[in-house]
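Visitor: I'd like to go over a predicted model; first the sequence, then the structure.
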Amino acid sequence: MSANQTGQPRLMNILFVHQNFPGQYRELFQWLVAQGGHEIVFLTQRKTVPKMTGARIVKYAPHHTPAEGAYGPTKYWEECVGNGLGAAFAAQKLQAGGFRPDVILGHVGWGELTFLKQVWPNVPILGFFEYYFLASGGSVGFDAEFPVSEQAPFLMHARNAVNFANIQTVDLGQSPTRFQRDTFPGSFHDKIYVAHDGIRTDRLLPNPDAQVPLGRLGRNVTRDDEIFTYMARNMEPTRGFHKFMRALPHILEARPNARALVIGGSDVSYGKASAAKGGYRADMEREVGDRVDWDRVHFLGKVPYAAYQQIIQISRCHIYLTVPFVLSWSSMEAMSMGATIVASDTAPVREVMTHGETALLVDFHDHEALARQVVEVLSAPGAFAHLGRAARAHMVERYDFATRCLPEHIARINSLVPRDRAIALPG
């Protein structure tokens, strides 16, 4: 941290804005709080937030929400404007209380940053650009099983109003991967730098002694058991859940001692919800029916973070599937923990995984090929153990939070503020 003429360090006032605290700022926010001294405020819609020292977490409510039957092409923009005004009015209260940030960091996708220049015209804003809504070449229309309407190109383009508004609002943008940055028009690119949020490779380690209790068995399972895993925030087509479920009968038939541990909720994070009670899980359970030995399939729901780590650490083969969309943190965390991964051969995956070097990639659409590859790994785990070691090495070299991602983010923040306000890295 720089010092002023008195020799005392000049501390920074930082405002984070993300409707779902802490979102993509989990590691950066925690690191800045741990440094001490900075005045940090986090503006969020999240109703339940932790009590902490070193930062203020301020809740805001949207100023307006669109009616259920609002006009489709402008409904999302209407929602984003409501979020933006809610955030701006909360910012005005912070301003009235004497808080003026030196820099603002926030996600552009929900409109929360849109009006903050009207509150603080001269405060630099660094915006998180997660995804540009594509009618083709992205998640929409990728899987022919879920056809899109003729209106999709218009609706997707209309949703990008918030992106177009905020590329003008921000002073600098960030995308965590090249795939995500490249979904945006070329005119955006010069203003957006690419750097991942960061993986805590110092904490996400292989653990040969990990154990996971399974109530159905009445004992713990370990790396000695034939465990394969699948994880998504929610079990849905965007994350290939239907492909995983169709592969299950083939895997379990070929490997009579194997067990599947499935992590995730039954809601929908992305795309259209299933009309079935119980969501896509219920749909797929009905489809595969009695072809699956359900006694060997364990749906664990959403589990605590520590439990999730142990599950990945005992996994003989971890399955990660996604359409061309935002890459899940869990895929890279599994790499950091040295998992042997079978993943979909899609663009966001190929950016971080290389077939035959750090993972095994299969056609997203071919569930039989997925099953064959998983069976091969389960049959001879030693023959594929090098993939997990190489995956971890790749995460340490390219995506480690402390040594790779944090320095880049701090340098970009510092580029927006006066030199005497710059944040210094330890050492």
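Guide: In hand now; what should we look at?
Visitor: quick one: residue 240 and residue 49, what's the gap?
Guide: According to Cβ to Cβ, to the nearest Å, residue 240 and residue 49 sit 32 Å apart. To be clear about C-beta, it is placed using only N, CA and C from the backbone, and glycine gets the same treatment.
Visitor: more neighbours, those two?
Guide: More crowded of residue 240 and residue 49, by other Cβ atoms under 10 Å: residue 240, with 27 against 13.
Visitor: show me the contacts for the more buried one.
Guide: Residues in contact with residue 240 (Cβ atoms under 8 Å, 6 or more residues apart in numbering) are 232, 321, 322, 323, 344, 364.
Visitor: Then residue 127?
Guide: 105, 106, 107, 108, 113, 166, 169, 170, 172, 173, 174.
Visitor: didn't the fourth one look like it was pressed against residue 132?
Guide: Right, residue 108. No: using Cβ atoms under 8 Å, residue 108 is not in contact with residue 132; the gap is 10.5 Å.
Visitor: hey, what's in contact with both of those two?
Guide: Shared contacts of residue 108 and residue 132, counting by Cβ under 8 Å, 6+ apart, come down to residue 163.
Visitor: Please identify which of those two sits among more neighbours.
Guide: Of the pair residue 108 and residue 132, residue 108 is the one with more neighbours under other Cβ under 10 Å, namely 24 against 21.
Visitor: which intervals of this structure have sub-threshold pLDDT?
Guide: Per-residue confidence for the chain (pLDDT under 70) gives these ranges: 1-10.
Visitor: So for residue 332, what's the nearest residue that isn't a sequence neighbour?
Guide: If the residues on either side of it in the chain are set aside, residue 332 comes closest to residue 199, at 5.2 Å by Cβ to Cβ, 6 or more residues apart in numbering.
Visitor: Now that neighbour, what are its backbone angles?
Guide: phi -110, psi 130 (degrees, to the nearest 10).
Visitor: go on, the one 3 residues further on?
Guide: As for residue 202, its main-chain torsions (degrees, to the nearest 10) stand at phi -70, psi -20.
Visitor: just residue 160 next, same as before
Guide: The phi/psi pair for residue 160 (degrees, to the nearest 10) is phi -80, psi 0.
Visitor: Distance-wise, check it relative to residue 61.
Guide: Distance, residue 160 to residue 61, using Cβ to Cβ: 25 Å.
Visitor: the more surrounded of those two?
Guide: For residue 160 and residue 61, the more surrounded residue by other Cβ under 10 Å is residue 160, and the numbers stand at 17 against 14.
Visitor: Count the residues that sit near the residue lying closest to that one once chain neighbours are set aside.
Guide: Nearest non-adjacent residue to residue 160, counting by Cβ to Cβ, 6+ apart: residue 133, 5.3 Å away. Neighbour count for residue 133, taken as other Cβ under 10 Å: 20.
Visitor: ditto for the one 10 residues further on
Guide: Around residue 143 there are 17 other residues, counting by other Cβ under 10 Å.
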